[in-house]
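Peer 1: Need a 3D model of the sequence below.
(one chain, ligands or ions: 1)
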Amino acid sequence: METVACNLCGSERARAVYEMPDRKFFRDEFFTVVECGRCGLGFVNPRPTLAEIQKYYPAKYYQNPSTTSHSRYLVRRFSAEASYLKPLENGNGRKRLLDVGCGNGEFPRFMVARGWEVEGVEIAKASQPITDFQIYTEEFDKIPVHEPRYDAVTAWAVMEHVHDPMAYIRKAAEVVKKGGLFVFLVQNFQSVASRHLFCEDVPRHLYFFTREAVKQYLEKTGFALEKEVNGRKIYKLAPYNWLGFIVRTRLLGKKYEFRDAPLTSKEFRSVYNLRPGLVTALKYAAYSPTMVLDRMLWPLIETAQILRETYGVSTFVGRKL
Ligand SMILES: [Zn+2]
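Peer 2: The predicted structure is shown next:
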C-alpha cells in the first residue's frame, strides 16, 4: 500500500469521508476514501500500488454477459457516447479518434461504422486480440504518440481507475488537436450514491471527481470545460438504499456507515449462493423490505437528481485551447 498527496493540487491535507470494503471480490478488505482539504478531490488513501492493484482485477471482472439484451444495451450506450463526437463530424476529411480503455474494441468499431479512423488504448489483456486497428497496450500517458494527431480522445469510466489522472489528462492535452475534444465520463463525488451510499467500486475506483475538480484539471492542462452532462444514459449509479440513508441520518440523527448498507440483490445471491428467480426475490424482500420500496422509487429519485444535476454520473467535454 502507498500513501499519496492530492493528484490535482499536491496538498497533503485530506480528511476521511468514508470507509468501505471491496464489495465485489474481497469483502473483508476495507479502504478509506478521503477528500482533499484544499481542492475537494476524492481518492482512496492509502491505496494499493500499481503492482498490488492487479489482484483486484481478476478475470471475472472483465466477463460480460453475451446476451442479446446486453448487446442492445451496448448499442444504446455507444450511440449515447457517439453523440458527444457528432459536432466534430461536420467539415472535411475523416476524423481520428483515440479511445482510452477501449476493452475489446467495440466502441472504436462503432465509430468506424460512422466514418471515423480509430485507435485504442487498453492495458487489460483482450479476450480477442484486436487486429483491425492500432492498439496501444501501455498506460495512456506512456504511449509513443507525442504530437496532436487526434480530433478526439474519449475515456468512458476510465479516469477513476487510474493511479495518476493528471498524467492522463496532460497526455490527452498533448495528443488532441487544437479545437479537438477530450470527452470522459466519471462518477459524481457530489452525488448521494458516490459520497454516502457506498456504491463506489473501491479499490478499482481510486479517484472521485467533483465538477470543480474536473474544471481545475482541464484548466491546468490546456482545455476549457465546454459542457457537463449529468445523467444515466451511458452508465448508471443507482441511489441504493437512499431511503434507509434518509431515515437513519435525517430522522434518527445517526451516522450511516457501510454496515448499515444492505447487500444488493446481486450480492445477496452470491453470498447465499442463490439462483435468480421468484423465490430468491421473495427471500431478498424478506431480508430487506425497505429495499423493495427503495427500488420502486428509483426512477422518481433519479429523475429529480438529473434535473438538479446531482446524479451519480457525469460526462465532461473539454475543448483543447
Ligand atoms: Zn487537492
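Peer 1: Quick check: which helices or strands does the helix or strand harbouring residue 79 pack against?
Peer 2: Using DSSP states H and E, residue 79 maps to helix 68-82. Applying 3 or more CB pairs under 8 Å, 6 or more residues apart in numbering; DSSP states H and E, one finds that helix 68-82 contacts helix 106-112. (Each C-beta comes from the backbone N, C-alpha and C, glycine too.)
Peer 1: and the helix it packs on, what does it pack onto?
Peer 2: helix 68-82, strand 96-100, strand 117-121.
Peer 1: Please enumerate the strands of this structure.
Peer 2: Counting by DSSP state E, one finds strands in the chain at the ranges 14-22, 26-36, 42-44, 96-100, 117-121, 134-136, 150-156, 176-187, 207-208, 223-230, 313-320.
Peer 1: Would you mind giving those as JSON lines with mean pLDDT, mean neighbour count and distance to residue 90 added?
Peer 2: Below are those laid out as JSON lines (pLDDT from 0 to 100; neighbours: other CB atoms under 10 Å; distance: least, CB to CB, whole Å):
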{"stretch": "strand 14-22", "mean pLDDT": "98", "mean neighbour count": "16", "distance to residue 90": "43"}
{"stretch": "strand 26-36", "mean pLDDT": "97", "mean neighbour count": "17", "distance to residue 90": "40"}
{"stretch": "strand 42-44", "mean pLDDT": "98", "mean neighbour count": "25", "distance to residue 90": "37"}
{"stretch": "strand 96-100", "mean pLDDT": "98", "mean neighbour count": "26", "distance to residue 90": "15"}
{"stretch": "strand 117-121", "mean pLDDT": "98", "mean neighbour count": "22", "distance to residue 90": "16"}
{"stretch": "strand 134-136", "mean pLDDT": "97", "mean neighbour count": "17", "distance to residue 90": "25"}
{"stretch": "strand 150-156", "mean pLDDT": "98", "mean neighbour count": "25", "distance to residue 90": "12"}
{"stretch": "strand 176-187", "mean pLDDT": "98", "mean neighbour count": "22", "distance to residue 90": "13"}
{"stretch": "strand 207-208", "mean pLDDT": "98", "mean neighbour count": "24", "distance to residue 90": "34"}
{"stretch": "strand 223-230", "mean pLDDT": "97", "mean neighbour count": "16", "distance to residue 90": "16"}
{"stretch": "strand 313-320", "mean pLDDT": "98", "mean neighbour count": "23", "distance to residue 90": "15"}
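Peer 1: With distance to the ion as added columns, please give these in a markdown table.
Peer 2: A markdown table is the format used below for those (distance: least, CB to the ion, whole Å):
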| stretch | distance to the ion |
| --- | --- |
| strand 14-22 | 8 |
| strand 26-36 | 3 |
| strand 42-44 | 9 |
| strand 96-100 | 23 |
| strand 117-121 | 26 |
| strand 134-136 | 29 |
| strand 150-156 | 21 |
| strand 176-187 | 16 |
| strand 207-208 | 11 |
| strand 223-230 | 17 |
| strand 313-320 | 18 |
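Peer 1: okay, those in a markdown table with distance to residue 273 next?
Peer 2: Output for the strands of the chain, formatted as a markdown table (distance: least, CB to CB, whole Å):
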| stretch | distance to residue 273 |
| --- | --- |
| strand 14-22 | 19 |
| strand 26-36 | 15 |
| strand 42-44 | 30 |
| strand 96-100 | 37 |
| strand 117-121 | 38 |
| strand 134-136 | 38 |
| strand 150-156 | 33 |
| strand 176-187 | 30 |
| strand 207-208 | 32 |
| strand 223-230 | 38 |
| strand 313-320 | 31 |
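Peer 1: What about the spatially closest residue to residue 53 that is not a sequence neighbour, how many residues nearby?
Peer 2: Of all residues not flanking residue 53 in the chain, residue 203 sits nearest, at 7.1 Å (CB to CB, 6 or more residues apart in numbering). Using other CB atoms under 10 Å, residue 203 is surrounded by 23 other residues.
Peer 1: Quick one, grab the pLDDT at residue 203.
Peer 2: Predicted confidence (pLDDT) at residue 203: the value is 98.
Peer 1: For it, give its distance to the ion.
Peer 2: Here the criterion is CB to the ion, to the nearest Å. By it, residue 203 lies 19 Å from the ion.
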